[in-house]
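**Q** My questions are about this predicted structure, shown below with the sequence.
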Amino acid sequence: MKKQIIFYLLLVLFGASSCGKKVKNLERELALKEEQVEQLEEQIQHMQSTNAGLLDRMADLSIVNKSGAESIQRSLESISQQYSFIQDLTTKIQSKDSLNLALVMNLKRSLANINDEDVQVEVKGGVVYVSISDKLLFRSGSSRITSEAEGVLAKLASVINDHDDLNVLVEGHTDDVPINNSCLEDNWDLSVKRATSVVRKLQEDYYVNPERLTAAGRSEYLPKVPNTSSDGRSSNRRTEIIITPKMDQFFKLLEAPPVAD
């Protein structure tokens with residue numbers, strides 16, 4: 001009987017010990033699982049944070065792309081405007097060159113009976129120059145226009161009046177021989193007085209609109225050839241009538257369309 005009681009007691013103790021080990025094992029497993037859960041939760045939070053950052057970056061990228069697309073569109077529109085401007089400018093320059101050619105032909109036809117040494121017509125820098133020698137226009141040291149020159153100025157004025165969209169600049173030029181008398185102080189004075197004499201003649205006798213006229217004196221400082229010989233000085237004593245486009249139209253022609261940022 002005592003042996004049986006002892007045997008049952010041993011079984012109970014063994015079972016209790018075995019259950020205790022299982023409980024401890026379960027506790028360790030539970031702690032491990034809880035740790036794994038915490039790690040998984042941390043991973044989830046990190047992933048959520050990363051996703052939010054990616055979404056923000058995607059939104060920024062979308063804005064950048066939209067802004068970039070708008071900038072490209074503006075640039076393309078600007079290029080198109082510039083291209084149209086260049087085409088238009090080229091067309092107008094070609095038209096202006098054609099006008100100059102027609103003007104030169106009209107002038108040469110009108111002045112065909114005048115000695116080429118006395119009157120020269122040419123295009124320089126996109127404008128028409130009519131150079132008249134002083135031996136035709138004036139007496140030596142004088143600013144009074146000769147009767148022989150009046151026919152030349154009349155023909156010239158007729159062509160000018162046919163092109164009312166052009167302005168006329170009259171420039172007086174001298175050689176480098178000094179002049180000083182009771183009427184003239186120096187070559188500046190002579191060149192200016194000769195230019196104003198031509199302008200006055202065009203206005204008063206041949207009805208060229210004075211708003212289109214400008215008189216200027218260049219004295220001896222813009223020679224055609226060196227003043228080293230009598231022929232050279234004779235070539236430099238001249239009056240040049242420069243026919244130009246009206247400046248407001250000229251500047252308007254050069255206005256470019258605004259460039260996009």
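**A** Happy to help now that I have it.

**Q** Leaving out chain neighbours, which residue sits closest to residue 137?
**A** Nearest residue to residue 137, sequence neighbours excluded (CB to CB, 6 or more residues apart in numbering): residue 149, at 4.6 Å. In this view, the C-beta of every residue, glycine as well, is placed from N, C-alpha and C.

**Q** which stretches of the stretch 1-150 of the chain have low pLDDT?
**A** For the stretch 1-150 of the chain, the stretches with pLDDT under 70 are 1-34, 36-37, 40, 51-100.

**Q** so where does the residue nearest to residue 137 fall, helix or strand?
**A** Taking DSSP states H and E as the definition, one finds residue 149 inside helix 147-161.

**Q** Next: residue 116.
**A** Residue-wise, residue 116 maps onto no helix or strand under DSSP H and E.

**Q** What is the burial count for it?
**A** 10 (other CB atoms under 10 Å).

**Q** Now do the strands in the stretch 151-261 of the chain.
**A** 166-173, 213-217, 238-245 (DSSP state E, counting those that start in this stretch).

**Q** Output these as JSON lines; include the columns mean neighbour count and distance to residue 228.
**A** As requested, the strands of the stretch 151-261 of the chain are exported to JSON lines (neighbours: other CB atoms under 10 Å; distance: least, CB to CB, whole Å):
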{"stretch": "strand 166-173", "mean neighbour count": "23", "distance to residue 228": "16"}
{"stretch": "strand 213-217", "mean neighbour count": "18", "distance to residue 228": "23"}
{"stretch": "strand 238-245", "mean neighbour count": "22", "distance to residue 228": "17"}
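
**Q** right, and those - which one's nearest residue 134?
**A** Each of the strands of the stretch 151-261 of the chain has some distance to residue 134 by CB to CB; the shortest is strand 238-245, at 5.9 Å.

**Q** quick one: strands adjacent to that closest one?
**A** Paired neighbours of strand 238-245 in the sheet (DSSP bridges): strand 127-133 (antiparallel), strand 166-173 (antiparallel).

**Q** possible to save these as TSV with distance to residue 106?
**A** Listed next are the strands paired with strand 238-245 as TSV, based on distance: least, CB to CB, whole Å:
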stretch	distance to residue 106
strand 127-133	10
strand 166-173	12
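
**Q** Of these, which is nearest residue 206?
**A** Taking CB to CB, strand 166-173 is the member of these nearest to residue 206, at 11.2 Å.

**Q** May I have the closest one exported as PDB, CA atoms only?
**A** C-alpha atoms of strand 166-173 as PDB (Å, rounded to 0.1, in the frame of the first residue of the first chain):
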ATOM      1  CA  LEU A 166      11.200 107.700 -98.000                       C
ATOM      2  CA  ASN A 167      13.200 110.400 -96.300                       C
ATOM      3  CA  VAL A 168      16.000 112.500 -97.800                       C
ATOM      4  CA  LEU A 169      19.300 113.400 -96.100                       C
ATOM      5  CA  VAL A 170      21.400 116.000 -97.800                       C
ATOM      6  CA  GLU A 171      25.100 116.000 -96.800                       C
ATOM      7  CA  GLY A 172      27.600 118.600 -97.800                       C
ATOM      8  CA  HIS A 173      31.300 117.600 -98.200                       C
END
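
**Q** Need the contact partners of that strand.
**A** 103, 160, 190-195, 198-199, 202, 208, 212-220, 222-223, 236-247 (CB atoms under 8 Å, 6 or more residues apart in numbering).

**Q** that older thread, figure out which of the strands paired with strand 238-245 is closest to residue 230.
**A** Distance to residue 230, taken as CB to CB, is lowest for strand 127-133 among these, at 13.5 Å.

**Q** Contacts for the closest one, please.
**A** Residues outside strand 127-133 that contact it (CB under 8 Å, 6+ apart) are 100, 103-104, 107, 117-123, 149, 152, 156, 234-235, 237-245.
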